[in-house]
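In: Sequence first, then the predicted structure:
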Amino acid sequence: MLIDEAVRFLSQIPPFQFLEKGLLRELAHNLTKEFYPKGTVILQQDGPVGEHLQIIQKGVVKISLRPKGGGEDVVIDFRERGETFGLVSLMGGHQRTTILAVQDTICYLLPKARFNELVASDPAITEYLLQFHLTKYADWTSREIQGKNLFLESSDHLLFTAQVGEICQRFTTVVEADTTIRQTARRMVEQRQSAALVVGANGEPIGILTDSDLRTKVVAQGQSIDGPVTRVMSHPVASVDEAVPCFEVILQMLQREIYHMAVTREGAIRGVVTNHDFLVLQGRSPLAFSEDIEHQTTLEGLAPVSRKALSIIGVLLREGARAGNIIRIISELNDRVVRKVLELAERELGPPPVPYCWLALGSEGRKEQTFRTDQDNALVYADISETQRPRVTEYFRRFAVFMRNGLVQCGFEACPANYMASNPDWCQPISTWKRYFSTWISEPSPEAVLRSLIFFDFRPLYGDESLAWDLRDHFGRLIPDYPVFLGFLANMLVKNRPPIGFFGAVAGERSGEHKDGLNLKIKGVAPLVDIARLFALERGIRHTSTLDRLEALRGGTSLISELVDELEHAFEFLTLLRVHHQAQQLEAGQAIDNFIRLDTLSSLEGQSLKNAFRLILKIQDQVLDRYKAFII
Amino acid sequence: MGLLDWSRDRLGLGPSGPEVPIQDLRFTVLDTELTGLDERRDDIVSIGALQMQGGRIEIGKTFQELVRPQAVLDGRTVLIHGITPSQLEAMPPIAEVLDAFLAYVSGTVLVGHCLSIDLAFLNRDARRLKRPPLGQPAVDTLALFGWLRHRSVEHPAFAQELSAPSLFGLATAFEITVEEAHTAIGDAYVTAQLFQRFLPLLAQAGVRDLSGLCRVGSPANPTANLQGPGGQTHF
């Protein structure tokens, strides 16, 4: 019966619910069940490392972190029934957080060895962990927070000073009790609300329906969505006055085991607050940063804001953002800084004499920057007459130099290979740019292809975008006529084999400064970027970001259409590993690079790395086959 | 079993020395179902047990056996146990089950609710079958409850009026869900969870090793602790 109970429980919660019953039973045999009375410190920061993945059957635990420089503990998360903790210590060698039972808590404990086997043997578990745990729980999130202590202090403070009325979401979706779940959900979507208030015949509040109710009660339990909303709403409605401080509301929610409360003003319901609102409050949202950037009017004001934006990564990691979203948000913030500098440049030098478009190249063009790398940009302007030439070239020369220096001031290093608009080669009218692309495509040489790749990922960032699209259409039309160009891309792609041995072991560098290290960018991320680029160009897809390119290839007839999920997955994983690595270096005050030491990877990470490499190999073999005529 | 444990076992020392901390002890939490309470006439009809390493209940290592009793089943117990005589015909005899059980509990500290009754029947059968008796240290959860109640341990369950608490009364007080009540394994599981709740409270009250545990949880007279602060057990 102990087994039955454990199996029943596990089959309700992810990722275990994805396992087949037989495996689940076998897994249950390995479990132990532990009781932690309220107030127990289950794991202590810097103390012994946990030996289990702990699955909460009952109760709530608090995860907190004592900042390195001293000061109050920072609460990172609360976990409750069905959620897990301890994965962090299983994967890393160090206990980075303190885990405290806030209530009497009962956990099932899965031993480390069995957990590792499970991760190795079961794709469903691995997938779940990669998509959810790695991003949400990875041990370096705590390092990140420690590194960004200053930045967090102000926002944590908010919990104690802000009143719940200031952060609650106003209800605009109000439905009657006989409304169906489907109708309610639709109205929530239309009105962009994450919660709806359900009222009785006399308009009195009888329940609340939140996004999470929809997820947990409707989707997970397979409720019919044509049933009445009363079946899945949360009730009765617990309420709290809008003037109550946030931290008191959190305590009440914890004590009463509820996850949202109605917020009232003079007794009348005004809005709803959920535990998620508090989590968001604890970190500063990227939105606030972009507003900060917008408000700057001088380079001197912009520079510090821009440099600070790096710290947003810590918040994103902590809030469990996926790698794909992290790099998009970073790019979005970087874009705003660049646009702001462009505005300042126009103000400084006067309006441009002819329309122009500022192009982001390479990883910036693909929206795949992790930490600020160097500048990669170019400028295209409208064609001009001979008489205009001296004045226009001089304007854009000064403009591009202003940009380069301004961006350096904002924390973007100058490009050592000089792929910048301040290089006269890359600051040209559109007819010259078209000629460049024609040459790259129609007369490719391996070196030229390699050098020009960065331009094929360009993206208009500011100015007259039609110039950029004109250029893109130009080379889009050329590519089908010159298959040898794609052949060169394919050739380059298959040459960069992942370092994976005959028996599947990942090999590091054999010698040199980074002996036993693995260059994640060159060996991991680059092949995936190259795969997406090759097939996107082959199919005339205009997107530049790798994930967008892959998405656009999904379900089509290209070689990799069926592998989109796996590729996206591998890309997310490798990117995350890279962000992780760089975040650590940044925190340690080291120069940022892309070399990870293989011996520091956990078995889960190692396994995922292997899977990513096998996928790359598989596609390389297919590319080899398809483009064999062009492979040198 | 390691050599050390084996020798301790042979010497009647139990699984380990008296100062072994509780978290290093292995426990077997057991319950038996009987045809009645008369040692001369009644028999064991089932044994259910599970093991704990310190405070951790091991989900996959349960012991669950029905036994074919020699005594005639009376109607009342059949109702409680939900086992009919025809079902019992198919069960193994006590000799077989007892041997397996003795191997199972070897090297562990025994835990049960009103354990002396279970031990009396188990040891009677061991004697009849010329098997060694269960000589290892044993702890009674009812005795533990009584002892804890007088240590002014702060837990709402101790404030409740439970003069002669039943296992299920205690389960309710400690918010333990009861399933499959009155089966040996079901009751053993409830007992184990109760014991699990008690361990941190005992630690708070200074009971942290085997000798302490045996002193306050002796199955000899489990209700003695319940009688009040003037009772005989002091720590």
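Out: On my side now, so go ahead. Residues are numbered from 1 along each chain as shown, chains lettered A, B, ... in the order given.
In: and A:D383, what does it touch?
Out: With contact taken as CB atoms under 8 Å, 6 or more residues apart in numbering or on different chains, A:D383 is in contact with A:P429, A:I430, A:S431. C-beta coordinates here come from the backbone N, C-alpha and C atoms, glycine included.
In: Give me the three-state assignment for it.
Out: Reduced to three states with DSSP: H, G, I helix; E, B strand; the rest coil, the structure at A:D383 is coil.
In: how about it, phi and psi?
Out: Main-chain dihedrals, A:D383, degrees, to the nearest 10: phi -60, psi 150.
In: What of B:Q51?
Out: Dihedral pair for B:Q51: phi -120, psi 150, per degrees, to the nearest 10.
In: Close to chain A: what parts of chain B are there?
Out: Selection of chain B residues close to chain A by CB under 8 Å from any CB of the partner chain yields B:50, B:53, B:55-60, B:62, B:175, B:179-180, B:183, B:185-186, B:189, B:193, B:196-197, B:199-201.
In: Only whichever of the residues you listed are buried, select them in ChimeraX.
Out: Buried residues among those (16 or more other CB atoms under 10 Å in any protein chain shown), as a ChimeraX selection:
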select /B:50,53,55,56,57,58,59,60,62,180,183,185,186,189,193,196,197,199,200,201
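In: picking that back up, which among the contacts of A:D383 end up buried?
Out: Here, 16+ other CB under 10 Å leaves A:P429, A:I430 buried among these.
In: Which of the residues of chain B next to chain A fall in helices?
Out: Using DSSP state H, the members of these that fall within helices are B:I185, B:G186, B:Y189, B:Q193, B:Q196, B:R197, B:L199, B:P200, B:L201.
In: Dump the contacts of A:D383 to CSV, plus distance to A:R578, pLDDT and secondary structure.
Out: Shown next, in CSV, are those (distance: CB to CB, whole Å; pLDDT from 0 to 100; DSSP: H, G, I helix; E, B strand; the rest coil):
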residue, distance to A:R578, pLDDT, secondary structure
A:P429, 37, 96, strand
A:I430, 35, 96, helix
A:S431, 39, 96, helix
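In: out of the contacts of A:D383, which one sits closest to chain B?
Out: The shortest approach to chain B among the contacts of A:D383 belongs to A:I430, at 70.0 Å (CB to the nearest CB).
In: so what are the domain limits for chain A?
Out: In the assignment given by automatic domain parsing, the structural domains of chain A cover A:2-122, A:161-282, A:286-478, A:482-630.
In: Whether the second one contacts chain B - can you check?
Out: No: using CB under 8 Å from any CB, domain A:161-282 stays clear of chain B, coming no nearer than 12.9 Å.
In: from the middle of its chain, how far away would that domain be?
Out: Taking CA atoms, centre = their mean, to the nearest Å, one finds the center of domain A:161-282 at 28 Å from the center of the full chain.
In: and if you look at the third one?
Out: Relative to the centre of its chain, domain A:286-478 is centred 22 Å away, using CA atoms, centre = their mean.
In: Then the last one?
Out: Here domain A:482-630 is found 17 Å from its chain centre; the criterion is CA atoms, centre = their mean.
In: same thing with the first one?
Out: The offset between the C-alpha centroid of domain A:2-122 and the centroid of the whole chain comes to 24 Å, using CA atoms, centre = their mean.
In: who are the neighbours in contact with residue 55?
Out: Defaulting to chain A. By CB under 8 Å, 6+ apart, the contact set of A:I55 is A:L10, A:I13, A:F16, A:G82, A:E83, A:T84, A:C107, A:Y108, A:L109, A:L110.
In: ah, I was thinking of chain B
Out: Each residue near B:G55 by CB under 8 Å, 6+ apart is listed here: A:E34, A:F35, B:I22, B:Q23, B:Q196, B:L199, B:P200.
In: do you know how far the fourth one is from A:T230?
Out: For B:Q23, the distance to A:T230 (CB to CB, to the nearest Å) stands at 48 Å.
In: neighbour count winner among the two?
Out: A:T230 (18 against 13; other CB atoms under 10 Å in any protein chain shown).
In: before we move on, the earlier item: let's have the ones in helices among the residues of chain B next to chain A in CSV, adding pLDDT.
Out: Conversion of those to CSV gives the following (pLDDT from 0 to 100):
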residue, pLDDT
B:I185, 93
B:G186, 93
B:Y189, 96
B:Q193, 96
B:Q196, 96
B:R197, 94
B:L199, 95
B:P200, 93
B:L201, 92
